[in-house]
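K.L.:
take this sequence and fold it.
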Amino acid sequence: MHVAFGRELQFNSEDPEVIAADIDAQILLNYELRDSNYLALERLKQDGKVSLNKISTAMESHAIASGSRRAFEKRLQAVDPQLHRHYLFSYANPVISRYSVPS
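P.N.:
Numbers count the residues shown, from 1 in each chain. Modelled structure (predicted):
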């Protein structure tokens, strides 16, 4: 388990969209990516469900432990195949958000 605390929020606006964007930015900044996040993205790419052309090369430098790969595959096999896409995107989205290259 990883617990992180962001900086104290300073609201310069009462616009809920601005406040939400500040909170989201802190969550992304403090989110500790794990092997399972990268493995889910890798699987989505293999299955043709996501294109990585908008993801920076920084993502590719993450080394995945072989034990993590086996554990991830075992957990995925225990999930109903109809839910795989949702399951994989739940894990992959933090990586996508962290490394997406702005358009």
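K.L.:
burial of the closest residue to Asn30 other than its chain neighbours, as a residue count?
P.N.:
Excluding the flanking residues, the one nearest Asn30 by C-beta to C-beta, 6 or more residues apart in numbering is Ala4, at 3.7 Å. Every C-beta, even on glycine, is put in place using the N, C-alpha and C of the backbone. Ala4 sits with 10 neighbouring residues when counted by other C-beta atoms under 10 Å.
K.L.:
how about Glu42?
P.N.:
Neighbour tally, Glu42, other C-beta under 10 Å: 22.
K.L.:
show the pLDDT at it.
P.N.:
Looking at Glu42, its pLDDT stands at 89.
K.L.:
hey, which helix or strand in this structure has the poorest pLDDT?
P.N.:
helix 16-30 (a mean of 88; mean pLDDT, DSSP states H and E).
K.L.:
name the residues that touch that one?
P.N.:
With contacts defined as C-beta atoms under 8 Å, 6 or more residues apart in numbering, helix 16-30 is touched by Ala4, Phe5, Gly6, Arg7, Leu9, Phe11, Asn12, Ser13, Pro94, Ser97, Arg98.
K.L.:
could you list the low-confidence segments of this protein?
P.N.:
52-59, 101-103 (pLDDT under 70).
K.L.:
mind doing that once more with 90?
P.N.:
1-13, 21-31, 42, 45-66, 95-103 (pLDDT under 90).
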